[in-house]
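Chemist: Below is the structure, and that's it, no one-letter string:
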């Protein structure tokens with residue numbers, strides 16, 4: 001029944017992946033002040049509220065067929081929770097793209113709750129892994145150049161600024177998953193990259209903190225700003241395209257889940 005409902009709704013929709021373009025005339029500092037709409041985030045409790053709605057619908061009075069549909073819908077959201085939470089905002093949730101995956105929170109990380117300093121440490125580790133992961137399938141020489149971006153050997157990356165917004169205090173025990181996404185598609189003339197970072201509580205399945213980072217490409221040997229190598233720009237643009245596919249896919253799936261729940265509750 002649930003699958004049939006999903007298919008019926010899917011046939012009424014066309015999944016369109018739209019690539020969003022942003023003005024390249026602004027400097028990264030301008031972007032920090034007037035960010036594109038894509039970095040606005042929804043209610044961080046959106047997913048937990050959705051699951052609460054599903055559970056509230058599962059009353060003894062609900063017909064058996066609809067109760068079973070609600071159970072399947074709940075299991076579906078539990079299986080795809082990360083995509084429904086973050087994928088719909090343009091984050092790639094596949095394992096290979098995660099900056100941190102289920103990083104344990106340790107008792108010593110807390111002072112009643114996780115120390116605020118730790119969130120920036122999570123973001124820092126995730127940023128390192130984000131760029132290193134781009135070199136995993138590269139040739140040996142190019143893979144080394146991706147790794148070298150995080151060192152002062154030649155072409156490297158310097159954190160120019162970071163802004164952290166705290167959404168709720170995490171506590172032990174919990175696990176943290178951290179996702180990164182490019183705010184803009186880079187070009188061969190790009191000197192600065194802006195990243196959005198989501199720090200997510202696995203226990204609560206909620207956004208715990210969000211960071212906005214400006215990273216400058218720097219040539220340590222020449223002692224000045226630089227641009228990325230063309231193959232790096234190409235690879236990062238592939239990531240950008242995949243981000244937009246995830247955004248379209250999970251926005252559509254979120255609509256389907258919401259409509260399926262409305263059908264269970266008799267709203268449609």
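Modeler: That came through, no problem. Just so we're clear, the structure is a prediction, and the values are computed from it rather than from any experiment.

Chemist: ok, the residue nearest the centre of the chain to residue 99 distance?
Modeler: By C-alpha atoms, centre = their mean, the chain has its centre lying nearest to residue 91, at 3.0 Å. Going from residue 91 to residue 99 by C-beta to C-beta, to the nearest Å gives 10 Å. Every C-beta, even on glycine, is put in place using the N, C-alpha and C of the backbone.

Chemist: picking that back up, I figured the residue nearest to the centre of the chain was touching residue 244, is that so?
Modeler: No: counting by C-beta atoms under 8 Å, residue 91 sits too far from residue 244 to count as a contact (11.2 Å).

Chemist: Check what pLDDT residue 43 gets.
Modeler: Looking at residue 43, its pLDDT reads 71.

Chemist: and what of residue 209?
Modeler: For residue 209, the model assigns a pLDDT of 96.

Chemist: Next up, the contacts around it.
Modeler: Going by C-beta atoms under 8 Å, 6 or more residues apart in numbering, residue 209 touches 119, 164, 165, 166, 167, 198, 199.

Chemist: Quickly run through the sheet partners of the host helix or strand of it, with directions.
Modeler: Taking DSSP states H and E as the criterion, residue 209 maps to strand 206-219. If you go by DSSP bridges, strand 206-219 pairs up with strand 155-166 (antiparallel), strand 192-201 (antiparallel), strand 224-225 (antiparallel).

Chemist: List the buried residues in it.
Modeler: Within strand 206-219, the residues scored as buried using 16 or more other C-beta atoms under 10 Å are 206-218.

Chemist: and of those, the nearest to residue 260?
Modeler: residue 206 (22.3 Å; C-beta to C-beta).

Chemist: so the closest one touches residue 169, yeah?
Modeler: No: in this structure, residue 206 is not within contact of residue 169 by C-beta under 8 Å, at 11.3 Å.

Chemist: Distance of residue 92 relative to residue 241?
Modeler: In terms of C-beta to C-beta, residue 92 sits 10 Å off from residue 241.

Chemist: now do residue 224
Modeler: Applying C-beta to C-beta to residue 224 and residue 241 gives a distance of 30 Å.

Chemist: Which one of those two is surrounded by more residues?
Modeler: Taking neighbours as other C-beta atoms under 10 Å, residue 224 and residue 241 compare with residue 241 leading, 12 against 9.

Chemist: And the helices in the protein?
Modeler: Ranges of helices within the chain are 2-11, 28-33, 46-57, 64-79, 81-85, 116-133, 140-148, 230-264, based on DSSP state H.

Chemist: Quick check: which of the ones you listed is buried the most?
Modeler: helix 81-85 (a mean of 22; mean count of other C-beta atoms under 10 Å).

Chemist: average pLDDT for that one?
Modeler: Here the average pLDDT along helix 81-85 is 95.

Chemist: on that earlier part again, anything in contact with each of residue 91 and residue 99?
Modeler: What both residue 91 and residue 99 touch, as defined by C-beta under 8 Å, 6+ apart, is the set 179, 180.
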